[in-house]
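Q: Here you go, sequence then predicted model.
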Amino acid sequence: MKKIIYILLAAAMISCSVDNALTADSVVPKDNEQDTSQQKVLNPPNPLDTYIQDHFTTPYNIRILYRFVEKETTRSWVLTPTKYDKAVQFASVFNYLFIEPYIEVTSKEFMKEHSFNTLILIGENAYHPTRVPLRGLADNGVKIHMMNINNIRPNSIFYLNDNALHTLYHETAHTWHQSVDYPTDYKRISGTDYKSNSWLNSWTGTDYLKAGFISAYGSKDSDEDFVEMISRYITYFNATQDCGCATEDTTLDTNGDGFDDALYTAWKRSFTNYNNGASVASYDSARVWEEQLELGNAKIRSTEQYTGKEKLQQKMDMIRRYLTTTWNIDLDVLRNKIRERYPYVAGRTLSGQVVPQKNFSDLTNN
């Protein structure tokens with residue numbers, strides 16, 4: 001089965017410590033263990049087990065495995081157990097920023113039929129002595145290993161987008177096209193520039209944008225291209241949707257991008273309100289959709305008919321039509337339903353107004 005691997009480019013080594021030792025909340029049960037009336041039940045249901053069963057498994061057939069189950073995980077990498085409190089935070093975030101908004105836009109039945117069925121939570125990035133660490137591993141949009149859960153920052157929307165939500169939005173989009181494929185014409189837009197497994201070393205800087213790919217990974221094949229477009233459209237800022245600074249006054253718009261220069265600058269500066277005032281420059285999800293398209297506003301080769309920006313626009317037009325006609329999903333409505341929850345994750349609005357902040361450690365409130 002095709003394996004989809006997200007590679008962590010930073011080659012940070014992962015060390016073992018007593019904090020990573022197996023505990024009552026993080027165990028490796030043996031496959032041949034049998035429960036009997038004389039045996040002590042390992043890991044009896046706790047509040048998180050009940051929450052997962054009630055919120056995900058029963059209604060949507062989605063399992064979240066935070067204890068090690070050897071037959072469910074890869075043996076090719078060294079895996080670290082997930083701490084119970086961090087698994088609680090992930091489950092709460094998953095419900096708030098994935099399940100609930102998707103159901104609002106689609107339905108409970110749709111979620112049950114068109115989503116991955118297993119999330120395996122791993123404490124740290126998977127380690128291999130001869131490879132760079134993995135930050136995620138997915139099996140054809142069905143089983144997803146979510147890495148580095150022990151370091152989750154549940155109230156940092158930028159961290160969540162870059163390290164968890166992007167992957168979830170990406171993988172669930174795979175289930176859509178696996179059920180009903182997108183138009184063949186989509187595959188022709190950048191048809192000669194897909195790089196297969198050499199995608200990582202095929203591009204200089206952001207040249208992938210000039211070829212019509214929203215990310216370097218999107219150049220792997222047309223399926224990854226398709227789902228990367230959807231996921232990054234959701235997680236990137238969008239000046240047209242979010243800024244409220246469009247203008248036709250050329251004295252206010254000196255660079256011709258259609259936005260008031262001063263208002264646009266102030267809007268971008270406000271991104272830090274979602275990050276406790278700290279810089280967001282290092283986060284992919286602090287990017288602006290229109291700025292990324294503008295970086296692709298050139299031809300990857302002089303012989304090309306279209307610029308990368310034009311190819312990206314063609315792809316997005318096709319994605320919108322596909323989602324609307326096939327699944328009755330308005331991508332902008334879905335995006336807005338997700339992002340209208342951001343202030344309650346960060347504890348303040350984009351303009352800086354303080355609002356009640358979600359406590360993702362409290363399952364009774366999520």
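A: Nice, I can see it.
Q: Return the residues in contact with D257.
A: A239, Y264, E290, E294 (C-beta atoms under 8 Å, 6 or more residues apart in numbering). To be clear about C-beta, it is placed using only N, CA and C from the backbone, and glycine gets the same treatment.
Q: brain fart, L168
A: L168 makes contact with F94, F98, I144, according to C-beta under 8 Å, 6+ apart.
Q: at 10 Å instead, please
A: 93-94, 97-99, 102, 115-116, 119, 136, 144, 146, 160, 231 (C-beta atoms under 10 Å, 6 or more residues apart in numbering).
Q: Of those, which belong to helices?
A: Residues of the contacts of L168 located in helices (DSSP state H): V93, F94, Y102, L160, S231.
Q: Who are the contact partners of the closest residue to N197 other than its chain neighbours?
A: In this structure, N197 finds its nearest non-sequential neighbour in K220, 7.2 Å apart by C-beta to C-beta, 6 or more residues apart in numbering. Counting by C-beta under 10 Å, 6+ apart, K220 touches I4, I5, Y194, K195, S196, N197, S198, W199, L200, S202, F213, E228.
Q: And for A239?
A: By C-beta under 10 Å, 6+ apart, the neighbours of A239 are C245, A246, D257, G258, F259, Y264, W267, K268, V288, W289, E290, E291.
Q: Which of these are buried? Put it as a PyMOL command.
A: Burial among the contacts of A239 is assessed by 16 or more other C-beta atoms under 10 Å; the matching PyMOL selection reads:
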select buried, resi 245+259+264+267+268+288+289+290
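Q: tell me which of the contacts of A239 is nearest to Y60?
A: W289 (29.4 Å; C-beta to C-beta).
Q: wouldn't that closest one be in contact with L312 here?
A: Yes - here W289 reaches L312: they are 9.3 Å apart, a contact under C-beta atoms under 10 Å.
Q: okay, and the common contacts of the two?
A: I214.
Q: tell me which of the contacts of D257 is nearest to K358?
A: A239 (26.8 Å).
Q: quick one: secondary structure of the residue nearest to that closest one when sequence neighbours are not counted?
A: Sequence neighbours aside, E290 is the residue nearest to A239 in space, at 4.9 Å (criterion: C-beta to C-beta, 6+ apart). At E290, secondary structure determined by DSSP: H, G, I helix; E, B strand; the rest coil is helix.
Q: and the gap between E290 and L331?
A: 16 Å (C-beta to C-beta, to the nearest Å).
Q: what's the average pLDDT for the strand or helix carrying F158?
A: Per DSSP states H and E, F158 falls inside helix 157-160. In this model, helix 157-160 has a mean pLDDT of 98.
Q: Quick one: list the elements packing against it.
A: Here helix 157-160 touches helix 84-94, helix 222-235, helix 342-346, going by 3 or more C-beta pairs under 10 Å, 6 or more residues apart in numbering; DSSP states H and E.
Q: which residues make contact with it from outside it?
A: 90, 93, 96-97, 151-154, 165-166, 168, 235, 271-272, 274-275, 278, 280, 282-286, 339, 341-346, 360.
Q: Make a ChimeraX selection of the buried ones in those.
A: Those of the contacts of helix 157-160 that count as buried under 16+ other C-beta under 10 Å are selected in ChimeraX with:
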select :90,93,96,97,152,154,165,166,168,235,271,272,274,275,280,283,285,286,339,342,343,344,345,346,360
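Q: Tell me where the stretch 101-250 of the chain has strands.
A: 118-121, 134-139, 143-146 (DSSP state E, counting those that start in this stretch).
Q: Compare those and say which comes out lowest on pLDDT.
A: strand 134-139 (a mean of 60).
Q: Please indicate which of the ones in helices among the contacts of L168 are buried?
A: V93, F94, Y102, L160, S231.
Q: Excluding chain neighbours, what is closest to the third one?
A: Pointing back at Y102 there. M111 (5.9 Å).
Q: Can you check what pLDDT the model gives the one you found?
A: 96.
Q: In this structure it contacts N95, no?
A: No - counting by C-beta under 10 Å, M111 sits too far from N95 to count as a contact (11.6 Å).
Q: Which neighbours do these two have in common?
A: F56.
Q: circling back to that earlier point, can you pull the contacts of the residue nearest to A239?
A: Y236, F237, N238, A239, T240, Q241, C243, D257, G258, F259, Y264, K309.
Q: could you dump those residues to JSON lines with pLDDT and distance to T57?
A: Formatted as JSON lines, the contacts of E290 follow (pLDDT from 0 to 100; distance: C-beta to C-beta, whole Å):
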{"residue": "Y236", "pLDDT": "99", "distance to T57": "32"}
{"residue": "F237", "pLDDT": "99", "distance to T57": "34"}
{"residue": "N238", "pLDDT": "98", "distance to T57": "34"}
{"residue": "A239", "pLDDT": "98", "distance to T57": "40"}
{"residue": "T240", "pLDDT": "97", "distance to T57": "39"}
{"residue": "Q241", "pLDDT": "96", "distance to T57": "34"}
{"residue": "C243", "pLDDT": "97", "distance to T57": "40"}
{"residue": "D257", "pLDDT": "96", "distance to T57": "47"}
{"residue": "G258", "pLDDT": "97", "distance to T57": "47"}
{"residue": "F259", "pLDDT": "98", "distance to T57": "45"}
{"residue": "Y264", "pLDDT": "98", "distance to T57": "45"}
{"residue": "K309", "pLDDT": "99", "distance to T57": "43"}
